[in-house]
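A.B. asks: Provided below for reference: sequence and predicted model.
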Amino acid sequence: MIVLGLETSCDDTGVAIYDTKHGLLGHKLYSQIVHADYGGIVPELASRDHIRKLLPLIRSVLAESGITGADIDGIAYTTGPGLAGALLVGAAVGRALAWTWGVPSIGVHHMEGHLLSPMLEDEAPEFPFLALLVSGGHTMIADVQGLGQYSILGESVDDAVGEAFDKTAKLLGLGYPGGPAISQHAEAGRADVYRFPRPMTDRPGLDFSFSGLKTAVATELEGLALTDQVIADIARAFQEAAVDTLVIKCRRALEQTGRTQLVVAGGVSANRHLRDAMQAMAGKLGAQVYYPRPQFSTDNGAMIALAGALRMQAGQKDEGLAFYAHPRWAIDELTPVAS
Ligand code: KG4
Ligand code: ZN
């Protein structure tokens, strides 16, 4: 089955073609730059840019993959969670193309896409496994029993960890998105110059809280001149605190559940230090960690094509002609798919 995947939930237009027999045939991503002057994403500008870029990107991925619309067996697009207008662009284009080509379509949960993204790689996890999902809007540990069968074991009670990276980067005068900037500056940072808290690790449970960490950075910065060295030292200390917190909670979750596979996905999973630290922790427990390639840690069309393909293979598809966006949508509300 050859599936076209469309991702337009936020500020990246992602298009990919996934073949259930031969894997990924082609993929392209356009990361919007229209938001640069605003210090954050402007939803209306995001929607308009998706409208401008989506069809040309689809044409280009089809050409690159050497196939035509007639070869496509189904279309998957992100229905939520995300920005309503941005989601509606992908939903409208996905459903209209599916109707034109006479193939089924399916709306995909963005975080399910992230969760399944390591299955795009040669070294793929098998159900059941634990998943740490870390993005700009979510931080959660889920127990994954099968496709669509997700129990949330812990999640952030306030900011997502990606949001903490972005807000800390802003405090340090670095650009958006903050994650890549922080990790790059952290490389020149010295160890143990600053130390920030590992929130909620001193009590039982698997929930997270990251807003205090950002506040701790703000307090530390009061009266400090932002030299390159200070930026690097703070970036390093912040990254270590954030990563340590995630690793401590994942170790706890692995121990509590007895699972031996851990998926780490979502934008923050691109972080090199996080990957190394998680690997070291899991190694000691005899567990295996699975990641998407760094390019597919952040938003992309490939994970949506894959998630849609797995659901359509199991017989699911959109019914009727109305289409929807679900800006807020909890991952544990998804329909389980019989295996
Ligand atoms: O999954 P994603 O691309 O979009 C959402 O679904 O939110 O995640 C974006 C988040 C941003 O907060 C960004 O700063 C963070 O992922 N991020 C990183 C890195 N690359 C992206 N955080 C830490 N280290 C990175 N290398
Ligand atoms: Zn995402």
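C.D. replies: Everything's here; your move. It should be emphasised that the depicted structure is a prediction, and the values quoted were computed from it without experimental measurement. Ligands and ions are numbered 1, 2, ... in the order given.
A.B. asks: quick check: chain neighbours aside, which residue is closest to whichever residue of the stretch 1-150 of the chain sits closest to ligand 1?
C.D. replies: At 2.9 Å from ligand 1, residue 136 is the closest residue in the stretch 1-150 of the chain, using CB to the nearest ligand atom. Yep, even glycine has a C-beta here, placed from its N, CA and C like the rest. Nearest residue to residue 136, sequence neighbours excluded (CB to CB, 6 or more residues apart in numbering): residue 162, at 3.9 Å.
A.B. asks: tell me if stretch 148-166 is near ligand 2.
C.D. replies: No: if you take CB under 5 Å from the ion as the test, stretch 148-166 misses ligand 2, and the best it gets is 8.5 Å.
A.B. asks: give the buried residues for that stretch.
C.D. replies: Using 16 or more other CB atoms under 10 Å as the burial criterion, the residues of stretch 148-166 that qualify are 148-150, 153-156, 159-166.
A.B. asks: next one: stretch 167-179
C.D. replies: 167-172, 174, 176-179.
A.B. asks: contacting residues around that stretch?
C.D. replies: 35-36, 39-40, 136, 159, 162, 165-166, 181-182, 185, 213-214, 217-218, 221, 226, 231, 234-235, 238, 267-268, 270-271 (CB atoms under 8 Å, 6 or more residues apart in numbering).
A.B. asks: may I have that stretch exported as CSV, CA atoms only?
C.D. replies: C-alpha atoms of stretch 167-179 as CSV (Å, rounded to 0.1, in the frame of the first residue of the first chain):
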residue,chain,number,x,y,z
LYS,A,167,11.7,29.9,26.6
THR,A,168,15.2,29.4,28.0
ALA,A,169,16.6,30.2,24.6
LYS,A,170,14.6,33.4,24.5
LEU,A,171,16.0,34.4,27.9
LEU,A,172,19.5,33.8,26.6
GLY,A,173,18.7,35.9,23.5
LEU,A,174,18.9,32.9,21.1
GLY,A,175,16.5,32.4,18.2
TYR,A,176,13.4,30.1,17.8
PRO,A,177,13.2,27.2,17.9
GLY,A,178,15.3,27.1,21.1
GLY,A,179,16.2,23.5,21.3
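A.B. asks: could you find the closest non-adjacent residue to the residue positioned nearest the centre of the chain?
C.D. replies: Centrality entry for the chain: nearest residue to the mean C-alpha point is residue 266, 2.5 Å, by CA atoms, centre = their mean. What sits nearest to residue 266 in space, not counting adjacent residues and going by CB to CB, 6+ apart, is residue 135, at 3.6 Å.
A.B. asks: tell me how far the one you found lies from residue 51.
C.D. replies: 24 Å (CB to CB, to the nearest Å).
A.B. asks: thank you, goodbye.
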